[in-house]
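J.: A predicted structure for the sequence below; I have some questions about it.
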Amino acid sequence: MTSARIFAVGGLMSYRALFYWLSPMIYIPSLVVAPIFQILLMAYIGRSAGLASDEFYVVGNAIQYAAIPCLFAMMQLVGGEKFQNTLGAILVSPAPRLPLFFGRAVPVVLNGAFVAAFSLTVGSLILDVHIPAGSIPALALVIVVAAFSCTGLGLINAALALRIRESAVLSNVFFGFLLIFTGANVPLSDLPGWMRTVSDYIPFTHSIEAARQLVHGASLSSVLDLVGAEVVIGVAYGVAGYLLLRFFENQGRRHATLERT
Amino acid sequence: MKAVRLLAFGWYFQFKTISRSPFEGLFQIIYPLFFATVAFLMFRAGTDQKTLLYASLGAAVMGMWSATSTTAGGAMQRERWHGTLEALVASPPHFSLILLPITLAMSTIGIYCLVATLLFGRFVFGIDLTVEHPAAFGLSIVGTVLSFGALGFLFAVSFVRFRAAWALGNLFEYPVWLIGGFLVPLVLLPEWTRPISWSLAPTWGMNAIRDSSLGGNPWPDLALTLALGVGYVGLGVLVLDRVLAAARKRAALSLT
Amino acid sequence: MAVVEAIDLHRTYRTSTGTIRRKWIDVEAVRGVSFEIDKGELFGLLGPNGAGKTTTIKMLITLLIPTSGTAKVLGHDVVKDAREVRRRIGYVFGGERGVYERLSGYDNLRYFSELYGVPPKEQKQRIETLLELVGLKGREHERTEGYSRGMKQRLHVARGLLHDPPVVFLDEPTIGLDPVGARELRATIASLVEAGKTVLLTTHYMFEADALCDRIAVINKGEIVAEGTPAELKQNVAEGAVVEVEVFGIPDQSVEQVRELGGVRSVTVEERDQAQVLIVQTGADVELTSAILGQLDGANVGRVSRREPTLEDAYVSLVSSEE
């Protein structure tokens, strides 16, 4: 019961306290309008290069943009506390670590999924991309899985934020990396071989592919292997992030680096 | 003459502080390279035989614009964080003579972005830079930096009431890349966006840089980008006067 | 003619509360402040936090427009001739912010020399002189991010004096400094007056005002409650006496009972380690020590003393009298 409360209430409270993006003056430009602009930009570059259809870019960028809320929010939840000098207070608390950190992740996943779903909807309307009504529930699932998987990467990002001063830079670097490697904009077949290999092991690649197939009318069962792969990637990153957090926490206790801002 | 000296020295000192920041400096240069990479890969894979040099120049100016748009909107907030805004406002010159060099210094960082992108294109993607009119190319870059700084000045004074001015500045990154025709020819965009493209100095700066590199007449483009820059500054000064009057009268703008 | 002249200055802030249903509240930060400062005088504006000191100074240095009332500096109106005023004043505020951290102290001064239009030929000499004055010579080419708080505050002082202004406004310049740093800075301030400058200093340190100022205005809740030389202000309470009683765990109602005693002017309680010190100001002709002790029945009483009032007592009785 206690773990459940730390998971749910603690997660939500810290999200509200630290994630000041919830202010509409930041949320709307950064998470509502910007992804639409990214979709339009990439779709038009695609037209200019004569590369792929609008649908390709709408789906790819709507999902890839979920990296912004997922990466930044997780970074903020840990790094923000370091910045406000509240991290020490939390780390000395006897709260079990697993629900503490994963509890923080749930609102992040939901918000990331919302950002992706909203940009997918609006992007499709503007560029006249048809999404079959029957695919919508499956698409929703894929989007949540994509946000979950990227939040796993976000946990690694958050762990690194314990050690790196300019953690916002790191989040942006991850974002740029995902922009190139996930096939959101460059078809995987056009990536150099080594980049394609990398793309198999990072968040979003499989869910973007699954979402594209769903928009083409594929059934959920035919993309289940892609969804499964994305879940596995998310869990792997999440576990790695959690271990990294514990490691840095211990290191921090040993070398007194946690409160260094 | 005094004003010119003030602008020049203000630019010099502000540029010095910005280029010493690892965040504002190095990251500004690296970040556009992600977009450049995407653009190069897309153009390389695409069917339309536009030269990669077209993409390289476009991506380079994208980086220049990022350097301005992501920082200039928050220029006054930045001074507030430093705690220097009051001291600047309380000094005798018109505040625009103090603020304009700040946004110009920010857009000057864009030259690093331009050079980094062109070098990146050359050494990673093998895109040779050919410059038909070197002198015009150099002048076009300077003119573009000036007009970006001017637009940044207009952003800085317009967004000053918003605590999250940086978020608004960031918002203008993608649309200007798109509507300025950096990687997408304007004819591909819907007709109604044309007047917006024309009213943006970046559109003409991009044209001037491209024309002087690929061969063409950059001078009308350069003149237009500078003229628009002057217009932005004029407009910005009007807005700034109102903002400062409000700040003194209603304490609407906390200076500290 | 007065160098600085404030006539019935008022300043109201509008603040809102609540996010959904906004309520606007007018807060009167300054309510009718008037004073004059003569040439060469060091004038102190003394008051607790939130009394209106900074608001007053911001109106005088043209950063805020008074809601009503007028102010002039060297005959120039702070609203209409803001630029003329700005040319002639220096402004120094306390705290470690307000410098460009990535520039050296020297570059910080160079930048503001340009803003204040110090002639290029004189800049170098002027900066050297000021570095000497504030004791930063030898450290001027280091980036200010490595400066201590005291060094940054001294840099502020140098910056405020770049254009050799005849009038200098110092807003809590010694706040947060260690005792040695604060003493050095006070010596610098004293030297400004010797150099013929007119200085307005705000502070909430009594001894600082006592040591430095020719004249002091005590400001409380936006109004000037007393004005005069330090000696004159002490005079207000000079006929009284102060009784200090050390008590371990003082009941609230005892404080109230002491306050009710005839002849008591003010009562304050200071926390000191485990004990509280009850400070009672009384009239001169009454001896209340035993009466006070009588009200502390049951409490554990330590040292008891009776002494002459200081400027601090005068100040306390001024700012607490209206409560």
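T.: Arrived safely, thanks for sending. Numbers count the residues shown, from 1 in each chain, chains lettered A, B, ... in the order given.
J.: Where does pLDDT dip in chain A?
T.: Applying pLDDT under 70 to chain A picks out residues A:1-22, A:78-95, A:97, A:101, A:165, A:253, A:255-261.
J.: Please apply the same query to the stretch 1-150 of chain C.
T.: C:16-22.
J.: Looking from chain B, tell me which residue of it is nearest.
T.: Among the residues of the stretch 1-150 of chain C, C:Arg97 lies closest to chain B, at 2.7 Å counting by C-beta to the nearest C-beta. Placement of C-beta: from N, CA and C, glycine included.
J.: check which helix or strand covers B:Thr71.
T.: Counting by DSSP states H and E, the element that carries B:Thr71 is helix B:52-72.
J.: same deal with C:Val243?
T.: strand C:241-248.
J.: mind checking how far that strand is from the chain centre?
T.: A distance of 27 Å separates the centroid of the chain from that of strand C:241-248, by C-alpha atoms, centre = their mean, to the nearest Å.
J.: now swap in stretch B:112-127 and tell me
T.: Using C-alpha atoms, centre = their mean, the offset of stretch B:112-127 from its chain centre is 19 Å.
J.: The longest helix anywhere in chain B vs chain C: in contact?
T.: Scanning chain B for the helix with the most residues, using DSSP state H, yields helix B:219-250. Yes. Using C-beta under 8 Å from any C-beta of the partner chain, helix B:219-250 comes into contact with chain C via B:Arg248, B:Lys249, B:Arg250.
J.: so what's the residue in the stretch 101-250 of chain A positioned nearest to chain B closest to, chain neighbours aside?
T.: In the stretch 101-250 of chain A, the residue that lies nearest chain B is A:Gly176 (2.9 Å; C-beta to the nearest C-beta). Once flanking residues are discounted, A:Gly176 sits nearest to B:Phe34: 2.9 Å by C-beta to C-beta, 6 or more residues apart in numbering or on different chains.
J.: And the one you found, how close does it get to A:Phe181?
T.: For B:Phe34, the distance to A:Phe181 (C-beta to C-beta, to the nearest Å) stands at 10 Å.
J.: Which residues of the stretch 1-150 of chain A lie near chain B?
T.: Proximity of the stretch 1-150 of chain A to chain B (C-beta under 8 Å from any C-beta) is limited to residues A:23, A:25-26, A:29-30, A:33-34, A:37-38, A:40-42, A:44-51.
J.: Pull out the buried residues from these.
T.: In terms of neighbour count (16 or more other C-beta atoms under 10 Å in any protein chain shown), the buried residues within the residues of the stretch 1-150 of chain A next to chain B are A:26, A:29-30, A:33-34, A:37-38, A:40-42, A:44-49, A:51.
J.: residue contacts, the residue in the stretch 51-200 of chain B that chain C sits nearest to?
T.: Nearest to chain C, among the residues of the stretch 51-200 of chain B, is B:Gly83, at 2.7 Å (C-beta to the nearest C-beta). Neighbouring residues of B:Gly83 by C-beta atoms under 8 Å, 6 or more residues apart in numbering or on different chains: B:Thr256, C:Gly95, C:Arg97, C:Gly98, C:Val99.
J.: for C:Val280, same thing?
T.: With contact set as C-beta under 8 Å, 6+ apart, C:Val280 has these partners: C:Val242, C:Val243, C:Glu244, C:Val245, C:Val258, C:Val264, C:Ser266, C:Val267, C:Leu288, C:Ile292.
J.: likewise B:Ala75?
T.: B:Ala75 makes contacts with B:Leu99, B:Ile102, B:Thr103, B:Met106, B:Gly152, B:Phe153, B:Phe155, B:Ala156, as judged by C-beta under 8 Å, 6+ apart.
J.: Repeat the analysis, applying 10 Å as the threshold.
T.: Counting by C-beta atoms under 10 Å, 6 or more residues apart in numbering or on different chains, B:Ala75 makes contact with B:14, B:99-100, B:102-103, B:105-106, B:152-153, B:155-157, B:159-160, B:165-166, B:169.
J.: C:Lys53 too?
T.: C:29-30, C:33, C:44-47, C:171-172, C:201-204, C:217, C:219, C:222.
J.: what's the distance between it and C:Gln153?
T.: Distance from C:Lys53 to C:Gln153, by C-beta to C-beta: 17 Å.
J.: same check, this time on B:Asp241
T.: To C:Gln153, B:Asp241 is 33 Å away according to C-beta to C-beta.
J.: pretty sure C:Phe248 contacts C:Val301?
T.: Yes. C:Phe248 is within contact range of C:Val301, at 7.8 Å (criterion: C-beta atoms under 10 Å).
J.: Spell out which residues of the stretch 151-261 of chain A are next to chain B.
T.: Contact residues, the stretch 151-261 of chain A versus chain B (C-beta under 10 Å from any C-beta of the partner chain): A:165-166, A:168-170, A:172-173, A:175-181, A:184-187, A:189-192, A:195.
J.: and the residue in the stretch 151-300 of chain C that chain B sits nearest to, what helix or strand is that in?
T.: When distances are taken as C-beta to the nearest C-beta, the stretch 151-300 of chain C reaches nearest to chain B at C:Arg159, 7.1 Å away. Assessed by DSSP H and E, C:Arg159 sits inside helix C:149-160.
J.: For the residue of chain A found nearest chain C, which non-adjacent residue is spatially closest?
T.: Distances between chain A and chain C by C-beta to the nearest C-beta are smallest at A:Ser23, namely 10.2 Å. Excluding the flanking residues, the one nearest A:Ser23 by C-beta to C-beta, 6+ apart is B:Ala164, at 6.8 Å.
J.: again, but for C:Ser68
T.: C:His10 (4.5 Å).
J.: ok, the one you found - contacts?
T.: C:Glu28, C:Ala29, C:Val30, C:Arg31, C:Gly32, C:Val33, C:Met59, C:Pro66, C:Thr67, C:Ser68, C:Gly69, C:Gly222.
J.: so which of the residues of helix B:219-250 next to chain C also contact chain A?
T.: Okay, of the residues of helix B:219-250 next to chain C, nothing touches chain A (C-beta under 10 Å from any C-beta).
J.: Report the buried members of these.
T.: Buried by 16+ other C-beta under 10 Å: B:Arg248, out of those.
J.: Mind putting the residues of helix B:219-250 next to chain C into a markdown table with pLDDT?
T.: Converted to a markdown table, the residues of helix B:219-250 next to chain C look like this (pLDDT from 0 to 100):
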| residue | pLDDT |
| --- | --- |
| B:Arg248 | 84 |
| B:Lys249 | 82 |
| B:Arg250 | 76 |
